[in-house]
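Engineer: next input, structure requested:
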Amino acid sequence: MTAGPGFQPPRPVDPAALSRAAERVARAPEPPWLHTEVGRRMAQRLLLIKLQPPRVARWWPLPGDDLSALREAYPRAEVFDVQPPFMAPQRVNKARNWLSWVGRKAPQALPEAQVSAGSADLVWSNMGLHAALDPQAVISAWHRALAIDGFLMFSTLGPGSLPELRSLYAEEGWGPPMAPLVDMHDLGDMLVHAGFADPVMDQEELVLTWRDAHSALAELRTLGANADPRRHPGLRTPGWRARLLQRLEQLASQRADGRVALRLEVAYGHAFRPPARARVAPQTTIAVEDLRAQARAHRGHAPR
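Structural biologist: Numbers count the residues shown, from 1 in each chain. Next up is the predicted model:
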């Protein structure tokens, strides 16, 4: 990862564990409720931007998690999906078949490596960035995929997520329960470092509650897994799981409603892809694709 000014990289994660967790989420028969809800909330923010992008790229999408919201916002836009490196072709075909079965046109699906520079006017990434091994590289790929004056909208989990679980694990001496997540301010630095303009970041805290500890753990599993390299190195025992359930139920007993409650921090961001600016130097080089993009933008510039 190439760090920008002021950026402090997060602690490393286990690449194999992160990839397995992300692939398991992608293989699920339906997207997690949280992804759908965050996608709905992110779509509401599109009202703040007057642009009508003709080409929309959904970056690392799950089937059905936000497609309806995007097509409602931009009914005339061409929507295509950008699949992550860990997504097998058969999974892509399964998602397309599922959309056809429910009577919805499946977007074109492209591997990330085949996305052309400047091929999107909106890059939309819903709850995918925290599954990236190298967030800076992903943000740079977003910038490359966007046309000049295109914009980015994304959401991701923040480091304030699951403080109750982190405290519980620390008290029991179980190590970290989750891989470290990137802070909202560091994400803003990454956006600037990649070449984005006018980045805006904000966050909200969501409190999820369940009737019991079993239900809480079952839903947490739909969101991913522990990819921290400092996690417990072997399989957990039934006794350990029983203790975890007991501790969660103890936390629930301290609430008036008796429900298990866990907090999640969701960060939202948007930014624009400005024209390339030449640096003052004895010799200046600008990519041909940037010159062509600037020419097209000047011919048909639209206000934000």
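
Engineer: how about the CA coordinates for the top helix by length along the chain, as CSV?
Structural biologist: For the chain, the helix with the greatest residue count under DSSP state H is helix 238-253. What follows is helix 238-253, C-alpha atoms only, in CSV (Å, rounded to 0.1, in the frame of the first residue of the first chain):
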residue,chain,number,x,y,z
PRO,A,238,-18.1,-26.2,22.2
GLY,A,239,-17.2,-25.0,25.7
TRP,A,240,-15.8,-21.8,24.4
ARG,A,241,-19.0,-21.2,22.3
ALA,A,242,-21.2,-21.9,25.4
ARG,A,243,-19.2,-19.3,27.4
LEU,A,244,-19.6,-16.7,24.6
LEU,A,245,-23.3,-17.3,24.5
GLN,A,246,-23.5,-17.0,28.2
ARG,A,247,-21.6,-13.7,28.2
LEU,A,248,-23.8,-12.3,25.5
GLU,A,249,-26.9,-13.3,27.5
GLN,A,250,-25.4,-11.5,30.5
LEU,A,251,-25.1,-8.3,28.5
ALA,A,252,-28.7,-8.7,27.4
SER,A,253,-29.9,-9.1,31.0
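
Engineer: right, and the helix or strand after it?
Structural biologist: strand 260-272 (DSSP states H and E).

Engineer: any buried residues in that next one, and which?
Structural biologist: Buried residues in strand 260-272, counted by 16 or more other CB atoms under 10 Å: V260, A261, L262, L264, E265, V266, A267, Y268, G269, H270, A271, F272. Placement of C-beta: from N, CA and C, glycine included.

Engineer: mind listing the residues bridging to the fifth one?
Structural biologist: For E265, the beta-bridge assignment (DSSP bridges) gives partners E205.

Engineer: go on, the first one?
Structural biologist: Counting by DSSP bridges, V260 is bridged to W210.

Engineer: show me what contacts it?
Structural biologist: T209, W210, R211, D212, A213, S215, A216, L248, E249, L251, A252 (CB atoms under 8 Å, 6 or more residues apart in numbering).

Engineer: for L251, see how far away it is.
Structural biologist: 7 Å (CB to CB, to the nearest Å).

Engineer: buried sites along whichever strand or helix holds A22?
Structural biologist: Per DSSP H and E: A22 is located in helix 15-27. By neighbour count on 16+ other CB under 10 Å, the buried set for helix 15-27 is A17, L18, S19, A21, A22, V25, A26.

Engineer: could you give the average pLDDT over the helix or strand following that helix?
Structural biologist: Using DSSP H and E, the helix or strand that follows helix 15-27 in sequence is helix 33-44. Helix 33-44 carries an average pLDDT of 93.

Engineer: returning to that earlier point: can you list the buried residues of strand 260-272 in CSV and add pLDDT and distance to P53?
Structural biologist: Below are the buried residues of strand 260-272 laid out as CSV (pLDDT from 0 to 100; distance: CB to CB, whole Å):
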residue, pLDDT, distance to P53
V260, 98, 41
A261, 98, 38
L262, 97, 35
L264, 98, 29
E265, 98, 28
V266, 98, 23
A267, 98, 22
Y268, 97, 18
G269, 97, 17
H270, 96, 12
A271, 97, 14
F272, 97, 12
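
Engineer: closest to L51 out of these?
Structural biologist: When the buried residues of strand 260-272 are compared for distance to L51 (CB to CB), F272 wins out at 9.1 Å.

Engineer: was I right to think that closest one contacts V200?
Structural biologist: No. Using CB atoms under 8 Å as the test, F272 is too far from V200 to be in contact (9.8 Å).

Engineer: which two in the buried residues of helix 15-27 are spaced the farthest apart?
Structural biologist: A17 and A26 (15.0 Å).

Engineer: now stretch 22-39: how far from the chain's centre is it?
Structural biologist: 11 Å (CA atoms, centre = their mean, to the nearest Å).

Engineer: likewise for stretch 216-232?
Structural biologist: For stretch 216-232, the distance to the chain centre is 16 Å (CA atoms, centre = their mean).

Engineer: not counting sequence-adjacent ones, nearest residue to D121?
Structural biologist: P53 (3.4 Å; CB to CB, 6 or more residues apart in numbering).
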